[in-house]
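Chemist: sequence first, predicted model second:
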Number of protein chains: 2
Amino acid sequence: MRDLSKDHHWLSINTATVRQQADFVGIVEACARRGIRAVSPWRDQVAHVGLDRAVKAVRDAGLQLSGYCRGGMYTCDAAHKQEMLDDNRRAIDEAAALGAPCLVLVVGGLPQFSRPGSQPSKDIRAAHAQVTDAIGQLLNDAKAAKVPLAVEPLHPMYAADRACVNTLRQALDICDVLDPARSGALGVAIDTFHVWWDADVWEQIDRVGKERMLAFHVCDWLVPMKDMLLDRGMMGDGVIDIPAYRRAVEAQGYKGFVEVELLSNDWWSRPLDEVLDTCIARYQTVV
Amino acid sequence: MRDLSKDHHWLSINTATVRQQADFVGIVEACARRGIRAVSPWRDQVAHVGLDRAVKAVRDAGLQLSGYCRGGMYTCDAAHKQEMLDDNRRAIDEAAALGAPCLVLVVGGLPQFSRPGSQPSKDIRAAHAQVTDAIGQLLNDAKAAKVPLAVEPLHPMYAADRACVNTLRQALDICDVLDPARSGALGVAIDTFHVWWDADVWEQIDRVGKERMLAFHVCDWLVPMKDMLLDRGMMGDGVIDIPAYRRAVEAQGYKGFVEVELLSNDWWSRPLDEVLDTCIARYQTVV
């Protein structure tokens, strides 16, 4: 396992972590000022400043990306399918323009939440099938743009409204179906918050392999949790043995960035500098 | 699949569903008045009126039990182990006195939450091992008392503080280890709220078999959910295709009660009669 304690060379900041404190350009500049080498932008934050300005800000600051958030929300009714595909192709193009090493996929839950206006459904199995089908349809676009797709299993508490892929096993099963040759065009993003509970995850991490290990996200699980979406914990403040997951992921040959992605009303209420400095300190001591 | 629409012969009310409206005796009487034939009591509600009085109330009302809630909270440090075992043996004895067909197990998450005062731990794998070990130690007590133990996988959002057994696969793996002969002394409780998200659950339900299918609980998953613990939905108000799970469970040979277990600030704020009448109506129409 890499020694992260000496510097923050492999730290990346997911821009959602400080989305309330600054716009995308401001976040990039604040990261660059403290030697953070990478960010992972969210689409709406990029759209807010404009894609061209976002690309220029990243380039001017000399930053890299560790991913782009997000493609997906594949589940929908027939009337929304073309909109879904178009939206995802735009996401791939934006990721390519920004030089992202992968597009992170939040695959969608039931169609009425994934693509509002879609006919309501309770058929979670149909949702699973739609996800595999849609990724299959978009994989050639991703290959052409040289933007690997990273399926992110989300915590099962988001199965209805965000993602019906909730375990690493499921994500890897999709990879096996659509890219059995392990071309590198399809893989997974592993976030400690989403997978830490899973008794099966260790066996599944052993199954990933270097070609599919596209992104590693960290944050912590607080007890009690005040909000199902917006109360993720800063690393070290919760119950997740984060180094254990990093060790397993790096044993697969992963040598990339460790991306901090915190959606937290608490941390959003604090100054930008404090949040970024805390991310650096915790990265060096408890990740 | 059984036709439930004509009466409420197989309806059971978990007493937590109306815990704010009446004490255990009051709940039993209210159920009996409307022809509900079974309840599943919680230990603290029984303790509140006293075990003898609870036994008498059930007998006087001519009710059956569909289970007893709950044993478990097995994860703890060494200093709390004897207390944990004693507590579980008392739960088995109470279940026997009440004539419960099974003791439902909420197995515990990390030890500091399961048995407060235990040394804090982040080792979820050690917690899994403790659970299997403790059930193994208590299985003979359960057999002697003729109270089968029903491992209930809880939703993964409770992995830290309530139960580190979060999938039916895990629960059945424990059964395979400790009771490979399928003696009937160890099985599972399946609750739609806890398992509905799991892509693997259908394959796992096929694995259960009649001897291990000890309890079937229903309620619904609301979107949005206001509280991670106390905002379960009345059947029909959420996104779970409850009949699909009942069909699968009954295909395993299950012919027992359908137990409504709602932990809900909303439903706790309504009159006892309204809640029970709604349970009956929804049981007949959407379960």
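Modeler: Arrived safely.

Chemist: A:Val107 contacts A:Val131, doesn't it?
Modeler: Yes - using CB atoms under 8 Å, A:Val107 is in contact with A:Val131, at 4.5 Å. Placement of C-beta: from N, CA and C, glycine included.

Chemist: where do the contact lists of the two overlap?
Modeler: Counting by CB atoms under 8 Å, 6 or more residues apart in numbering or on different chains, the shared contacts of A:Val107 and A:Val131 are A:74-75, A:164-165.

Chemist: who wins for neighbours among those?
Modeler: Highest neighbour count within the shared contacts of A:Val107 and A:Val131: A:Val165, with 32 neighbours (other CB atoms under 10 Å in any protein chain shown).

Chemist: residue contacts, it?
Modeler: Contacts of A:Val165 by CB under 8 Å, 6+ apart are A:107, A:128, A:131, A:151-154, A:171, A:174, B:199.

Chemist: between A:Val107 and A:Val131, who's got more neighbours?
Modeler: A:Val107 (30 against 26).

Chemist: who's in contact with the more buried one?
Modeler: A:72-75, A:131, A:135, A:151-152, A:163-165.

Chemist: and it, how far is that from chain B?
Modeler: 12 Å (CB to the nearest CB, to the nearest Å).

Chemist: could the shared contacts of A:Val107 and A:Val131 go into JSON lines alongside pLDDT, distance to B:Arg19 and secondary structure?
Modeler: Listed next are these as JSON lines, based on pLDDT from 0 to 100; distance: CB to CB, whole Å; DSSP: H, G, I helix; E, B strand; the rest coil:
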{"residue": "A:Tyr74", "pLDDT": "98", "distance to B:Arg19": "41", "secondary structure": "coil"}
{"residue": "A:Thr75", "pLDDT": "98", "distance to B:Arg19": "37", "secondary structure": "coil"}
{"residue": "A:Cys164", "pLDDT": "98", "distance to B:Arg19": "33", "secondary structure": "coil"}
{"residue": "A:Val165", "pLDDT": "98", "distance to B:Arg19": "36", "secondary structure": "coil"}
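
Chemist: ok, so of those, who is nearest B:Arg43?
Modeler: Checking the shared contacts of A:Val107 and A:Val131 against B:Arg43 by CB to CB gives A:Cys164 as the nearest, at 35.4 Å.

Chemist: now that closest one: phi and psi?
Modeler: For A:Cys164, the backbone dihedrals are phi -90, psi 0 (criterion: degrees, to the nearest 10).

Chemist: so it sits against A:Gly108, correct?
Modeler: Yes - counting by CB under 8 Å, A:Cys164 touches A:Gly108, with 6.9 Å between them.

Chemist: overlap in contacts, these two.
Modeler: Residues touching both A:Cys164 and A:Gly108 (CB under 8 Å, 6+ apart): A:75, A:127, A:131.

Chemist: just to be sure, the second one is in a helix?
Modeler: Yes - per DSSP: H, G, I helix; E, B strand; the rest coil, A:Ala127 lies within a helix segment.

Chemist: and stretch A:243-259, which residues are buried?
Modeler: By neighbour count with 16 or more other CB atoms under 10 Å in any protein chain shown, stretch A:243-259 contains the buried residues A:243-246, A:248-250, A:252, A:254, A:256-259.

Chemist: what does stretch A:185-204 give?
Modeler: For stretch A:185-204, burial by neighbour count (16+ other CB under 10 Å) applies to A:185-201, A:204.

Chemist: now check it, is it near chain B?
Modeler: Yes - for stretch A:185-204, a contact with chain B is found by CB under 8 Å from any CB of the partner chain, at A:196-200, A:202.

Chemist: now, which of the residues you listed sits nearest chain B?
Modeler: Distance ranking of the residues of stretch A:185-204 next to chain B against chain B, using CB to the nearest CB, places A:Trp197 first at 3.5 Å.

Chemist: close to chain B: what parts of the stretch 51-200 of chain A are there?
Modeler: A:110, A:113, A:122-125, A:128, A:155-157, A:159-161, A:164-167, A:169-170, A:196-200.

Chemist: from the residues you listed, list just the buried residues.
Modeler: A:110, A:113, A:122, A:124, A:128, A:155-157, A:159-161, A:164-167, A:169-170, A:196-200.

Chemist: ok, A:Val39 - how many residues close by?
Modeler: The tally of other residues near A:Val39 (other CB under 10 Å) stands at 30.

Chemist: CA atoms of stretch A:18-36 as PDB?
Modeler: Extracted C-alpha coordinates of stretch A:18-36, given in PDB (Å, rounded to 0.1, in the frame of the first residue of the first chain):
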ATOM      1  CA  VAL A  18     -17.100  22.500  -1.700                       C
ATOM      2  CA  ARG A  19     -20.000  23.300  -4.100                       C
ATOM      3  CA  GLN A  20     -21.600  25.800  -1.800                       C
ATOM      4  CA  GLN A  21     -18.400  27.700  -1.100                       C
ATOM      5  CA  ALA A  22     -17.200  28.600  -4.700                       C
ATOM      6  CA  ASP A  23     -17.800  28.100  -8.300                       C
ATOM      7  CA  PHE A  24     -15.800  25.700 -10.400                       C
ATOM      8  CA  VAL A  25     -13.100  28.200 -11.300                       C
ATOM      9  CA  GLY A  26     -12.800  29.200  -7.700                       C
ATOM     10  CA  ILE A  27     -12.500  25.600  -6.600                       C
ATOM     11  CA  VAL A  28      -9.800  24.800  -9.200                       C
ATOM     12  CA  GLU A  29      -7.800  27.900  -8.100                       C
ATOM     13  CA  ALA A  30      -8.100  27.100  -4.400                       C
ATOM     14  CA  CYS A  31      -7.000  23.500  -5.000                       C
ATOM     15  CA  ALA A  32      -4.000  24.600  -7.100                       C
ATOM     16  CA  ARG A  33      -2.900  27.100  -4.500                       C
ATOM     17  CA  ARG A  34      -2.400  24.300  -2.000                       C
ATOM     18  CA  GLY A  35      -0.800  21.900  -4.400                       C
ATOM     19  CA  ILE A  36      -3.800  19.600  -4.800                       C
END
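
Chemist: good, wrapping up.
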